[in-house]
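Visitor: For reference, the sequence and a predicted model appear below.
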Amino acid sequence: MQVTETLNEGLKREIKVVVPAKDLEAKLSERLESARGKARINGFRPGKVPVSHLRKTYGKSFMAEVVNEILSDTPRSILSGRNEKSATQPEIVMTEDEKEAEKVLDGKADFVFSMNYEVLPKIEIQDASGIAVTREIVDVSDEEVDEQVKRVAASTRSFEAKEGKAEDGDRVTIDYLGKLDGEPFEGGTDTDAPLVLGSGQFIPGFEEQLIGTKAGDEKQITVTFPAEYGAAHLAGKEATFDITVKEVAKPGELELNDETAKKLGIETMDRLRQLIREQIESQYGSVTRQKVKRQILDVLDGQYQFEAPQKLVDAEFNNIWAQINNDLQEAGRTFEDEETTEEAAREEYRKLAERRVRLGLVLSEIGEKAGLEVTEEELQRALYDQVRRYPGQEQQIYEFFRRTPDAVANLRAPIFEEKVVDHLLTSIQVTDKKVTKEELMADDEADEAGTKPAKKAAPKKKAAAKKKTDEDKSEEA
């Protein structure tokens, strides 16, 4: 076998491989001899089939197997011999001339092919002790816990029908029919719908117009759906609703005691408070970690500047671009609505793709040098979490992951990445800073990678635009 490098430019490599016809013949002869002892052909005793007969009958198919084995084994062997790692599966280029291919299968011509690939760049890991980040911490107040407890407990509150007009906090039971330009629209109709006035459950302006109504009233109201509404056919549109008020009910006294907690499936009110406090702390902790992680990634992005394999960048960009366009389509928005152009957006998300790929390679190298691994138990737990999201389809989901190595890799990547972040946190400088919840939750526009329009929501409910940062999607590790 003759191996010749024909391209070495940046990360790009092209290797020409020539397998002489005599080598193909030798491999074919071995295969034929091996098959001879196993072949069962009418007219011949077992193990006595002439090789010439086998060659005539199975020669081409055996040679095809030889060629496929060469194509399977050679790239790994060449990469190992060159001490290189390919960023993606090497591309194999062979002749498209059928006559030339026939000659190879007939053993009358050398087998010539090229393998094209990009090598992974060599990354020298730098000392992380100089990295300094600020960890924002929020103290959860008793008042905040009490407020959340009341909000949760309110779902257990009883309502009693009353005479007279509906007030803020009352529950009205209504039938409604929504119309656009006088025509009913999909999802705009319901009967016996309970609505607590002031809950913000429906779109802005809807609930306010029902204050002062009473049982038996029929009323038409006009509202405008938010511009960022999740259903494209409704976003920004003015609609009317024909409403029949069937009942007005006043809320009972909100009692915060053990009996209320038991209605929520919790043994005591103290335990409910504890659980809510832990939930709030967990939510703030998650945001804190994301902000710390973002700072670390920003520093690493500045420290490690190197050429990223373009095929990896292309694949990452295509994933991002498909998601962005899908989100815009679902929200009924355009790039102009986002105050940009398609060309500018392409450039922005191309840079984001390059950042993700570079950081993914850096994190992978840091993790490898530190000996970090994702255990089988951790992977199984992640798989179980995925399966739980699809009740009734558990077996199909398990089968999908069993048959799809890339899907398993996608489960492994974020787990590995979090381990690398934990590893870095043991060596970098972390300064804790007490902040308010408003400061913690405030959007940092400089860190936003773009706008992700809202997912489609039930037409009668509110929807809000959602921001997407490059940390929303785990960096490939």
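Guide: Thanks, I have it.

Visitor: give me the element V245 is part of.
Guide: For V245, the element it lies in under DSSP states H and E is strand 238-251.

Visitor: Could you check the next helix or strand after that strand and say which residues are buried?
Guide: Note on strand 238-251: by DSSP H and E, the next helix or strand toward the C-terminus is helix 258-263. Buried residues in helix 258-263, counted by 16 or more other C-beta atoms under 10 Å: T260, A261. In short, each C-beta sits where N, CA and C put it, glycine included.

Visitor: what's helix 258-263 in contact with?
Guide: A153, T156, E267, T268, M269, R271, L272 (C-beta atoms under 8 Å, 6 or more residues apart in numbering).

Visitor: most neighbours, which of the residues you listed?
Guide: L272 (23 neighbours; other C-beta atoms under 10 Å).

Visitor: Now do the contacts for that one.
Guide: With C-beta under 8 Å, 6+ apart, L272 has these contacts: V149, V152, A153, A261, L264, I266.

Visitor: show me the contacts for Q279.
Guide: Residues counted as contacts of Q279 (C-beta under 8 Å, 6+ apart): none.

Visitor: and the host helix or strand of it, what's its mean pLDDT?
Guide: Here Q279 sits within helix 269-303, counting by DSSP H and E. Helix 269-303 carries an average pLDDT of 94.

Visitor: Show me what whichever helix or strand comes after it is packed against.
Guide: Counting by DSSP H and E, the element after helix 269-303 in chain order, helix or strand, is helix 310-331. Under the contact criterion of 3 or more C-beta pairs under 8 Å, 6 or more residues apart in numbering; DSSP states H and E, helix 310-331 touches strand 111-118, helix 342-369, strand 448-452.

Visitor: Need the ones you listed in TSV (columns: distance to G332, mean pLDDT and mean neighbour count).
Guide: Converted to TSV, those look like this (distance: least, C-beta to C-beta, whole Å; pLDDT from 0 to 100; neighbours: other C-beta atoms under 10 Å):
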stretch	distance to G332	mean pLDDT	mean neighbour count
strand 111-118	39	96	20
helix 342-369	16	95	18
strand 448-452	14	36	18
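
Visitor: Could I get those in a markdown table, plus columns for distance to G81?
Guide: As requested, those are arranged in a markdown table below (distance: least, C-beta to C-beta, whole Å):
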| stretch | distance to G81 |
| --- | --- |
| strand 111-118 | 13 |
| helix 342-369 | 21 |
| strand 448-452 | 40 |
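
Visitor: The helix holding Q279: which residues count as buried?
Guide: 269, 272-273, 276-277, 280, 284, 288-289, 291-301.

Visitor: Just give the number of residues close to T222.
Guide: 11.

Visitor: Give me the neighbour count for the closest residue to it other than its chain neighbours.
Guide: Among residues not flanking T222 along the chain, T240 sits closest, at 5.2 Å (C-beta to C-beta, 6 or more residues apart in numbering). Applying other C-beta under 10 Å, we find 16 residues neighbouring T240.

Visitor: Contacts only, for T240.
Guide: Shown in contact with T240 (C-beta under 8 Å, 6+ apart): G178, K179, G182, Q220, I221, T222.

Visitor: Pretty sure T4 sits in a strand.
Guide: Yes. According to DSSP: H, G, I helix; E, B strand; the rest coil, T4 belongs to a strand.

Visitor: I figured it hits E14, correct?
Guide: No. Using C-beta atoms under 8 Å, T4 makes no contact with E14, being 9.5 Å away.

Visitor: Neighbour count for those two, which is higher?
Guide: Higher neighbour count among T4 and E14: E14, with 17 against 10, using other C-beta under 10 Å.

Visitor: gap between the more buried one and T404?
Guide: The gap separating E14 from T404 is 30 Å, by C-beta to C-beta, to the nearest Å.

Visitor: What pLDDT is listed against G198?
Guide: 88.

Visitor: D443 too?
Guide: Reading off the model, D443 has pLDDT 62.

Visitor: cool, S72 as well?
Guide: Listed pLDDT for S72 reads 93.
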